[in-house]
Each structure stands twice: as C-alpha cells, then as structure tokens.
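> attaching a predicted model along with its sequence, questions to come.
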Amino acid sequence: MVKIKFEYKILISYLLVGGLWVSFSDRLVQCFILDSDYLTKVQTYKGWFYVLVTGVLFYFLLKKHLIKIRNAEKKARESDLLKSAFLQNISHEIRTPMNGIVGFAGLLKENNLTKNQKEMYLNIITKSSDQLLSVVNDVLDVSLIDSGNVIINKTQFHLNEFLDQIYSAHGTILRKDISLQLNNTLSGFAHVVFTDKVKLGQILDNLISNAIKYTPTGLIEFGCEMKEDQLLFFVKDSGIGIAPEYHEKIFDRFHRAEIEITKTIGGVGLGLAICKGNVNLLDGDIWVESNLGIGSKFYFTIPGNFVVLEITENEKEDSKSILNPGCVLVAEDEEYNFLYISRLLTDAGIDFLRATNGQEAVDICRNNSNLGIILMDIKMPILNGYEAVKIIRGFNRKIPIIAQTAFVIGNEKKKALDIGCNDYIAKPFKRVELLDKIKKNIR
Ligand code: ADP
C-alpha cells in the first residue's frame with residue numbers, strides 16, 4: 001500500500017473538507033432559507049462552523065503525529081545515552097584487564113624476581129586474560145543471539161551432577177565474605193534432562209557471577225525445583241537489590257540499574273540480555289524479584305524434558321580410560337598457537353606432527369597411517385582448513401578431525417561439521433578443554 005506523507009494528508013483533508021463544504025453547504029442553505037438577512041447570518045455561522053470542524057480535525061491529526069515523533073525522539077535519545085554509556089563501560093572493561101596484562105607482562109621481564117612474584121604476576125595475567133575474553137564473548141554472544149545465529153545442541157545429562165559441577169566451579173573462587181549454597185529439591189539419579197547443557201551452564205554461571213558481584217557480604221543460594229511440567233531454576237542473593245522500575249529493563253542489552261553502587265562495579269550490561277536470549281532459545285522464561293538493599297531472586301524456567309538414560313558398560317570404561325590418541329597431526333600456521341598446543345600435548349605425553357598449511361596437512365595425512373587424530377586450523381595459507389578437510393575426507397573417512405579456530409561468529413561450527421570435521425574447538429582454549437575434545441573424539 002502507498003504511504004502518503006503527513007503534509008499531503010493534511011493538505012488533501014483540508015481541500016476535501018473545504019471543497020465539499022463550499023460546494024454543498026451554500027446550495028443546501030439556499031433551499032431552506034429565503035430571507036436574505038437571515039441567510040447572511042447563517043453563512044457567517046457556517047463559516048465559523050467550518051473553522052471549528054477543520055480546527056478539531058487538524059488538532060487530532062497533528063496530535064497523533066506529534067506523539068509518534070516525540071516517542072521516536074525519546075527512544076533515540078535513550079539509545080544515544082545507552083550507546084555512550086556502553087562505549088564508556090566497554091572501554092573501561094577492556095582497558096582494565098589490558099592494563100594488567102601489559103603491565104605485568106612487562107614486569108615479568110625483570111631479572112631479580114622471586115619465584116613467588118613470578119607466580120603472582122602470571123596469575124594476574126591469566127585472570128586479566130580471562131576477564132578480557134569474557135567481555136569479547138559477551139559482545140559476540142549478544143550479536144549472535146540478535147542475528148538468530150545461535151544453534152541449540154540438546155543432549156541428555158544428569159541434572160544433579162551438573163548442578164554439583166556448577167557449585168564446585170564457583171565454590172572454589174568465592175570471596176571470603178560470601179557463602180554459596182546449592183538447594184536442590186531434585187535428588188536421586190532419575191533426573192536426566194534433555195536440553196542444551198552449555199547454554200544452561202552459561203545462564204546459571206552468569207546469574208551466580210552477578211549474585212557474587214552485587215553481594216558485598218552474605219549468602220547466595222541456587223537450585224532447581226519442579227513446577228508443573230517446567231524446571232524452575234533460581235539464584236538468590238542477599239546483595240544490593242534492584243529497584244522495581246528496573247526489574248524488566250535490566251534484561252535489555254546495555255541496561256544497568258542506575259544506583260551509585262552499580263556505577264562503581266564493573267560491567268557492560270550484557271550478561272542478563274544474554275541470559276534472556278538463551279532462556280528464550282530453550283523455550284523458557286526469566287524474571288527477577290528484588291528489593292533495594294535486601295537482595296534479589298532471579299528465576300528462569302525451561303521445559304522439564306526428563307528421559308531415562310542408560311549408561312553402557314563401554315561408556316563407563318571410556319570415561320575412566322587414559323588419554324592415548326596415537327599421533328596427533330597439528331595443522332597450525334601461527335607459531336605461538338603451535339607452541340602452546342605442542343606444550344599441552346607434550347605435557348600429556350602425546351606424540352604429534354606439525355603441518356604449517358592445508359596442503360602439508362593433506363600430504364602428511366596421506367603418508368602416515370599411524371595418525372590418530374587431526375587438529376585442523378581453519379585459516380591457513382596455500383590451502384585453508386576447510387579445503388584440506390574436504391580432500392582428506394576423499395581418501396580417509398575415518399580419522400577424527402577437530403577444527404580449531406578463532407572464527408567464532410556465525411555458523412562456523414556447523415560449517416566445520418558439515419564439511420567433514422567431527423568436532424570443533426574455539427580459540428583460545430584451555431588445557432582441559434583441548435584434552436577433553438581429543439578424549440571425546442578418539443576412536
Ligand atoms: P552487568 O553486570 O555487566 O552490568 P548484566 O546484564 O549482568 O550486566 O546486569 C544488568 C544490571 O542488572 C546490572 O548492571 C545490575 O544493575 C543489575 N543486576 C544484575 N544482577 C544483579 C544482582 N544479583 N543484584 C543486584 N543487581 C543486579
């Protein structure tokens with residue numbers, strides 16, 4: 001349908017009403033009124049009547065239009081403020097850990113450091129790197145959710161074991177003045193759920209990290225219960241709390257509750273937006289109940305898809321087995337990345353060969369029958385990882401290939417799997433993540 005501009009709408013209505021009025025009202029009046037004095041008076045009233053009707057008409061048309069404009073203006077102003085607050089926050093959140101990394105890396109070069117000092121500096125560098133990576137991940141996650149590019153990968157797992165793992169992971173890094181409690185009303189082995197474990201973990205991790213961040217001292221509880229056919233998770237803290245007017249807004253990206261104390265606590269306002277995006281992808285809901293100064297209780301639901309999981313004897317044996325993948329082919333052109341991977345493999349007692357481009361990877365794979373697994377970088381010279389995998393799959397369909405790449409936006413994982421890789425690991429990865437992937441994929 002053609003959209004008529006507002007100024008044309010006004011002009012058309014003015015001409016139409018005026019034209020109809022002039023054409024018909026005079027004739028109508030002359031039919032009924034014959035006295036010329038009376039006719040003049042009536043025509044004056046008629047004029048006023050016209051002014052009144054057009055005035056009222058224009059008032060309502062303009063009012064509707066102005067409300068629309070004012071709302072759009074308000075939204076634009078809010079979004080401008082949010083954007084500049086976000087830029088300030090993100091700059092702060094990037095520069096702070098960068099400062100730690102650059103500063104302490106420089107100090108490490110000094111000769112007269114004690115072993116303890118070195119360990120402390122390395123610890124700071126590691127923590128700052130993790131902090132930096134988590135900011136980058138948050139920004140990427142939000143853009144993936146916004147563009148609808150998140151793929152849900154549902155698997156079966158024991159819910160109670162999973163909650164215990166989350167508890168242990170946070171329990172070890174708690175501050176002294178905070179305690180964490182797991183209140184799980186679901187117990188026993190019957191509770192095996194079918195959902196995306198990684199996403200569920202991300203949501204809980206985020207809510208618990210926030211609870212720790214916004215609770216100066218006190219208790220944090222989390223857990224899960226069954227509510228009708230839904231699994232209801234909660235994370236409760238005795239922290240600074242959130243004023244009622246922010247209970248909905250904080251789930252929108254870049255929104256932070258505007259109290260002095262939150263301004264002094266780091267954050268870019270993306271964590272809850274990611275939680276909400278992930279909960280919605282799992283077909284659930286998320287909300288908060290909170291009072292300023294008293295604490296907050298975040299809830300979220302996901303469908304309670306319980307299944308009975310049978311663990312076979314082989315799987316039990318598998319989980320106990322020692323890591324022995326045979327010779328690993330590391331296809332990696334970047335020197336530092338290769339040094340890192342080679343160190344992890346050497347420490348785990350695993351033999352390896354290196355290819356510095358896709359063509360070399362293909363050749364080594366063709367000529368070495370003792371290869372157990374391939375770690376394939378994607379961005380490499382001569383032949384990239386995807387092309388190399390395609391060729392390798394032409395003559396060897398069995399060898400497990402794990403794509404390892406820093407391309408984490410878009411459907412990179414799906415693309416790698418579609419092309420013939422068995423698994424995917426995103427850089428940067430930790431020792432345990434790489435070894436777990438290898439363990440999972442060896443024949
Ligand atoms: P960030 O923590 O990086 O600012 P989030 O999206 O995780 O971003 O949270 C948005 C806002 O919600 C926070 O800035 C804070 O004001 C408020 N908030 C979140 N969790 C809590 C909590 N447990 N207690 C108090 N306020 C919270």
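Nice, thanks for sending it over. This is a predicted model, so every value here is computed, not measured.
> looking at this structure, which helix or strand is least sure?
None of the helices or strands of the chain scores lower by mean pLDDT, DSSP states H and E than helix 313-320, at a mean of 46.
> now the element after that one, going C-ward?
strand 327-331 (DSSP states H and E).
> can you list the strands that that following strand pairs with?
strand 352-355 (parallel), strand 371-377 (parallel) (DSSP bridges).
> got a list of contacts for it?
With Cβ atoms under 8 Å, 6 or more residues apart in numbering as the test, strand 327-331 has contacts from 338, 341-342, 345, 350-355, 357-358, 360-361, 364-365, 368, 370-377, 380, 385, 388, 438. For every residue, glycine as well, the C-beta is placed using N, CA and C.
> do stretch 275-290 as well
Residues outside stretch 275-290 that contact it (Cβ under 8 Å, 6+ apart) are 141-142, 145-146, 150, 152, 195-196, 199-200, 202-203, 206-207, 230, 241-242, 244, 247, 250-251, 272, 296-303.
> for the record, mean pLDDT for the lengthiest helix in the chain?
For the chain, the longest helix by residue count, based on DSSP state H, is helix 36-108. Regarding helix 36-108, the rounded mean pLDDT is 88.
> which strands and helices lie in contact with the helix or strand that that helix is followed by?
Remark: after helix 36-108, the chain's next helix or strand is helix 115-146, criterion DSSP H and E. Here helix 115-146 touches helix 36-108, helix 271-281, going by 3 or more Cβ pairs under 8 Å, 6 or more residues apart in numbering; DSSP states H and E.
> so is helix 115-146 next to the ligand?
No. Applying Cβ under 6 Å from any ligand atom, one finds helix 115-146 separated from the ligand by no less than 7.7 Å.
> what helices or strands is the helix or strand following that helix leaning on?
Later in the chain than helix 115-146, the nearest helix or strand by DSSP H and E is strand 155-158. Applying 3+ Cβ pairs under 8 Å, 6+ apart, one finds that strand 155-158 contacts strand 192-195.
> just give the nearest non-adjacent residue to Leu174, would you?
Leu180 (5.8 Å; Cβ to Cβ, 6 or more residues apart in numbering).
> now that neighbour: which helix or strand?
Judged by DSSP H and E, Leu180 forms part of strand 178-184.
> so how far is that strand off the chain centroid?
Counting by Cα atoms, centre = their mean, to the nearest Å, strand 178-184 is centred 25 Å from the centre of its parent chain.
> now it: buried residues?
Within strand 178-184, the residues that qualify as buried are Ile178, Leu180, Leu182, Asn184, counting by 16 or more other Cβ atoms under 10 Å.
> mind putting these into TSV with distance to Ile4 and pLDDT?
Compiled in TSV, those are given as follows (distance: Cβ to Cβ, whole Å; pLDDT from 0 to 100):
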residue	distance to Ile4	pLDDT
Ile178	61	89
Leu180	61	91
Leu182	62	90
Asn184	61	76
